[in-house]
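# sharing a model that was predicted from the sequence below.
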Amino acid sequence: MDSTTVAAVPRGLAGVVVTDTALGDVRGGEGFYHYRQYSAVELARTRGFEDVWHLMFHGRLPDAAERDAFTAHTASLRRLPDEVRAALPAIARASAPSGPLAGLRTALSLLGASAGMRPVYDLDADARRADALAACAAVPTLLTALYRLGRGLEPVEPREDLPYAADYLRMLTGAEPDPGRARAVERYLVSAVDHGFNASTFTGRVIASTGADVVAALTGAIGALSGPLHGGAPSRALDTLDAIGSADRIRPWITERVLAGERIMGFGHPVYRTEDPRSRMLRSVAESFGGPLVELAVQVEKEVVEILAELKPGRELHTNVEFYAGVVMELCGLPRTMFTPTFCAARVVGWSANILEQSADPKIIRPAARYTGPPPPQPVPAV
């Protein structure tokens with residue numbers, strides 16, 4: 001096939017394999033996804049965030065000594081350079097209408113520029129990894145500082161004696177984290193590290209394929225994540241529970257929306273054709289806390305399935321990760337405006353692993369488009 005030959009593919013590249021990866025995969029028909037050779041859900045149940053970060057960057061789970069060294073090194077990278085810290089108040093003010101995720105794009109770009117991060121094309125594998133580690137480690141510090149500054153609060157400086165998830169929660173709330181809540185947030189973060197070739201991961205890889213620097217690729221991925229069709233659903237799923245309010249309102253509220261053909265936030269996924277394994281795991285985390293919100297969420301999930309069976313026979317709709325993620329984050333004290341940024345604090349590791357993998361491939365990603373405008377060439381009209 002020569003370079004002028006093109007192939008027609010489905011809209012949105014659905015089902016199209018664009019490259020090989022050793023990082024993980026999603027098997028939607030089975031309700032299973034994995035990071036390298038391990039079940040992602042099992043990792044979330046049994047391992048800490050730094051273990052999974054090490055796995056994604058180095059290809060193996062660390063032993064105890066490697067874990068301690070990796071945790072200490074990444075913790076030392078959380079503190080921001082003075083020039084970046086000095087710029088954060090202005091970035092927070094400017095991005096206040098859109099929120100911390102919008103501010104992160106600017107702040108992370110400034111971090112990369114101030115550190116002199118060079119194009120991955122010009123770096124060896126160790127230097128690329130060092131840049132990716134520095135960017136990932138800084139993200140929770142940047143996000144929490146932007147959130148607090150946007151509300152007239154002073155940022156909370158990172159602490160090197162706390163792991164990633166616990167320190168993120170502390171920097172966000174300003175309080176020493178409860179171990180149970182810190183672990184719940186950590187399990188969510190682990191579950192969100194990677195999830196196949198979604199829109200933001202693919203965006204990051206496209207940018208990396210040009211040879212651009214790590215932060216350029218991460219900024220593009222964050223931009224893709226900011227779209228409501230990709231990363232904006234956890235708080236909206238929780239809004240659904242707020243709108244229902246009580247168990248006696250579930251059936252009429254859901255029935256009205258199903259009959260109207262409206263989307264029920266927190267339900268359905270473009271890949272999974274069975275229960276989302278992340279939702280199953282996070283439901284167990286939520287149930288370990290208990291309380292009225294969890295009871296309502298479990299009842300809503302049950303009745304949505306029953307109502308669909310009655311009104312739309314043959315149409316299965318299961319909860320996705322956003323449904324119980326919103327419940328867990330609410331129970332752990334995270335503000336709703338930080339739900340998607342918290343997802344970003346996890347996914348930045350997966351993006352970076354994909355960027356590092358893509359940067360080893362010298363081929364630029366450059367697809368074609370089918371032209372559908374007026375037939376050319378036409379004469380240019382005179383003025």
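Yes, it's here.
# okay, CA-based contacts and neighbour counts for the rest of this
Will do.
# residues near residue 279, how many?
22 (other CA atoms under 10 Å).
# isn't it right up against residue 326?
No. Applying CA atoms under 8 Å, one finds residue 279 not in contact with residue 326, separated by 10.5 Å.
# can you tell me how far residue 309 is from residue 264?
Going from residue 309 to residue 264 by CA to CA, to the nearest Å gives 15 Å.
# quick one: the strands in the protein?
Secondary structure of the chain (DSSP state E): strands at 24-27, 32-35, 38-39.
# the longest helix in this structure is where?
helix 125-150 (DSSP state H).
# dump the lowest-mean-pLDDT helix or strand in the chain to CSV, restricted to CA.
Least confident helix or strand, the chain: helix 234-244 with a mean of 85, by mean pLDDT, DSSP states H and E. Below are the C-alpha coordinates for helix 234-244, written out as CSV (Å, rounded to 0.1, in the frame of the first residue of the first chain):
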residue,chain,number,x,y,z
PRO,A,234,-18.5,12.1,38.4
SER,A,235,-20.1,15.2,39.8
ARG,A,236,-23.0,15.0,37.3
ALA,A,237,-23.7,11.4,38.5
LEU,A,238,-23.9,12.7,42.0
ASP,A,239,-26.2,15.5,40.9
THR,A,240,-28.6,12.7,39.8
LEU,A,241,-28.7,11.4,43.3
ASP,A,242,-29.4,14.9,44.6
ALA,A,243,-32.2,15.4,42.2
ILE,A,244,-33.8,12.1,43.2
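# buried stuff in that helix?
Residues of helix 234-244 classed as buried by neighbour count (16 or more other CA atoms under 10 Å): 234, 235, 236, 237, 238, 239, 240, 241, 244.
# one more: stretch 149-164?
For stretch 149-164, by 16+ other CA under 10 Å, it's 149, 150, 155, 156, 157, 158, 159, 160, 163, 164.
# state the distance from the fifth one to residue 210.
When distances are taken as CA to CA, residue 157 and residue 210 turn out to be 35 Å apart.
# equivalent analysis for the third one, please.
Using CA to CA, one obtains 35 Å as the distance from residue 155 to residue 210.
# buried residues of stretch 98-114, list them for me.
Neighbour counts over stretch 98-114 (16+ other CA under 10 Å) mark 99-112 as buried.
# for stretch 56-64, same thing?
Neighbour counts over stretch 56-64 (16+ other CA under 10 Å) mark 56, 57, 59, 61, 62 as buried.
# endpoints of that stretch, how far apart?
Using CA to CA, the two ends of stretch 56-64 sit 17 Å apart.
# what comes into contact with it?
23, 35, 36, 51, 52, 54, 55, 129, 349, 350, 353 (CA atoms under 8 Å, 6 or more residues apart in numbering).
# is it true that the second one touches residue 26?
Spelled out, it's residue 35. No. Checked against CA under 8 Å, the pair residue 35 and residue 26 is beyond contact range at 9.3 Å.
# the two: which is more packed in?
Shown here are residue 35 and residue 26; by other CA under 10 Å, residue 35 has more neighbours (24 against 18).
# give me the neighbour count for the nearest residue to the more buried one once chain neighbours are set aside.
Counting by CA to CA, 6 or more residues apart in numbering, residue 24 is the residue found nearest to residue 35 once chain neighbours are left out, at 4.4 Å. The local packing of residue 24 (other CA under 10 Å) involves 20 other residues.
# over to residue 309?
By other CA under 10 Å, neighbour count at residue 309 equals 14.
# and for it, nearest residue in space, chain neighbours not counted?
residue 315 (7.1 Å).
# hang on, that neighbour packs against residue 308?
Yes. With contact defined as CA under 8 Å, residue 315 counts as touching residue 308 (6.8 Å).
# who has more neighbours out of these two?
residue 308 (18 against 10).
# and that one, how far is that from residue 81?
Following CA to CA, the distance that separates residue 308 from residue 81 is 53 Å.
# same thing with residue 14?
Residue 14 is 41 Å from residue 81, by CA to CA.
# which of those two has more neighbours?
The residue with more neighbours, out of residue 14 and residue 81, is residue 81; 13 against 10, by other CA under 10 Å.
# now the more buried one, nearest residue through space, not along the chain?
Closest to residue 81 by CA to CA, 6+ apart is residue 111, at 7.8 Å.
# my guess is the one you found contacts residue 86, does it?
No. Between residue 111 and residue 86 there is no contact under CA under 8 Å: 11.5 Å.
# what's the burial count for residue 362?
Neighbour tally, residue 362, other CA under 10 Å: 12.
# returning to that earlier point: in a markdown table: the buried residues of helix 234-244, plus distance to residue 9.
Formatted as a markdown table, the buried residues of helix 234-244 follow (distance: CA to CA, whole Å):
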| residue | distance to residue 9 |
| --- | --- |
| 234 | 31 |
| 235 | 34 |
| 236 | 32 |
| 237 | 32 |
| 238 | 36 |
| 239 | 36 |
| 240 | 36 |
| 241 | 39 |
| 244 | 41 |
